[in-house]
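> predicted model and sequence follow; I will ask about them next.
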Amino acid sequence: MSAATSVPDADQRPVTARSEQAADLAIAAGAAALHLPTIRTEATRIAAAAVKERLTHKAFLAEVLTAELDDRDARRRTRRIHEAKFPRLKRLEDLDLRQLPGLPAPLLAALSAGAWIDRGEPVVLLGDSGTGKTHLLIGLGVAAAEAGRRVRYVTTAALVNELVEAADAKQLSRVVGRYARLDLLCLDELGYVHLDPLGAELLFQIITEREEKASIACASNAPFSEWGTTFTDPRLAAAIVDRLTFNAHIIATGTDSYRLRSSRAAREGAAPG
């Protein structure tokens, strides 16, 4: 009976001398097999820089691995933003806080950090059209996605339509489960359109599924007292308000449209003296 073939330990494995061309081929093959695209494309450049800077072999290896990790992180952030389906990119740092007296800088900084998402707390933005609700809603979503969280932006009407179609196709549990797995659901235009009883019940199901487990950030142009006209059933409206306001961060963006003010200022600035 033949003896079993032994595999040498890592510290016993011989180091193979290679030509530059052979080394390039081995790096390309190894990086492809291990799914390390950045190492495959950047190894030669980093090696040249390592020689110039007289880095040790360990330091060179650290540089190569760091480059791969940094690029992988950037790709993940890009993928999360794409998966969130934002209608346009808006960032929190572009907000003009002078136009949002209901959003003090310390609160914005705390929301940007995202700990409220980890705690499953809601955010409710209330204000008239043009007061920055959607900018703030998308900005919160973008910040969360860039931090690696699973985010989805959707208008209330689009979500309800998706749920109704899923119910008709007997796929409701699958769709509800997909929304339940999100770290943050950004729900825009809540209260803009009247929902029939079925639509309101399905939306309530999504909200209940996420209650105290995963965050919802929503924007509405209607005060809570008027939500009964959206959801028809006053008891259902009260239940939704209760779930969206428990431990919530409620931000009033006001009634004065800064989009309108900006447009008026631009016209006045362009008028002849």
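Cool, the structure landed. Numbering: from 1, shown residues only.
> where along the chain do the helices fall?
With DSSP state H applied, the chain shows helices at 20-33, 37-53, 57-84, 105-113, 115-118, 133-146, 156-168, 172-180, 197-210, 227-231, 234-245, 258-270, listed in chain order.
> export those as JSON lines, with columns for distance to Ile216 and mean pLDDT.
All C-beta spots, glycine's among them, are computed from the backbone N, C-alpha and C. Supplementary listing: the helices of the chain in JSON lines, determined by distance: least, C-beta to C-beta, whole Å; pLDDT from 0 to 100:
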{"stretch": "helix 20-33", "distance to Ile216": "41", "mean pLDDT": "82"}
{"stretch": "helix 37-53", "distance to Ile216": "36", "mean pLDDT": "84"}
{"stretch": "helix 57-84", "distance to Ile216": "14", "mean pLDDT": "85"}
{"stretch": "helix 105-113", "distance to Ile216": "14", "mean pLDDT": "92"}
{"stretch": "helix 115-118", "distance to Ile216": "10", "mean pLDDT": "95"}
{"stretch": "helix 133-146", "distance to Ile216": "11", "mean pLDDT": "95"}
{"stretch": "helix 156-168", "distance to Ile216": "11", "mean pLDDT": "95"}
{"stretch": "helix 172-180", "distance to Ile216": "10", "mean pLDDT": "93"}
{"stretch": "helix 197-210", "distance to Ile216": "6", "mean pLDDT": "91"}
{"stretch": "helix 227-231", "distance to Ile216": "15", "mean pLDDT": "81"}
{"stretch": "helix 234-245", "distance to Ile216": "7", "mean pLDDT": "89"}
{"stretch": "helix 258-270", "distance to Ile216": "25", "mean pLDDT": "57"}
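> nearest to Asp96, of those helices?
Asp96 sits nearest to helix 258-270 of all the helices of the chain, at 6.9 Å, using C-beta to C-beta.
> follow-up on the earlier one: right, so the helices of the chain: which one is the most enclosed?
Between the helices of the chain, helix 133-146 has the highest mean count of neighbours, a mean of 23, where neighbours are mean count of other C-beta atoms under 10 Å.
> elements contacting that helix?
Secondary-structure packing of helix 133-146 (3 or more C-beta pairs under 8 Å, 6 or more residues apart in numbering; DSSP states H and E): helix 57-84, helix 105-113, strand 123-127, strand 151-155, strand 184-190, strand 215-220, strand 249-254.
> distance to Gly191 added to the helices of the chain, as a markdown table?
Listed next are those as a markdown table, based on distance: least, C-beta to C-beta, whole Å:
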| stretch | distance to Gly191 |
| --- | --- |
| helix 20-33 | 52 |
| helix 37-53 | 46 |
| helix 57-84 | 22 |
| helix 105-113 | 21 |
| helix 115-118 | 22 |
| helix 133-146 | 11 |
| helix 156-168 | 8 |
| helix 172-180 | 19 |
| helix 197-210 | 11 |
| helix 227-231 | 5 |
| helix 234-245 | 10 |
| helix 258-270 | 19 |
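> how about those, which one is nearest Leu92?
That would be helix 133-146 among the helices of the chain, by C-beta to C-beta, at 3.9 Å.
> so what's the most centrally placed residue in the chain closest to, chain neighbours aside?
Residue closest to the average C-alpha location in the chain (C-alpha atoms, centre = their mean): Ala145, at 2.3 Å. Nearest residue to Ala145, sequence neighbours excluded (C-beta to C-beta, 6 or more residues apart in numbering): Arg80, at 3.9 Å.
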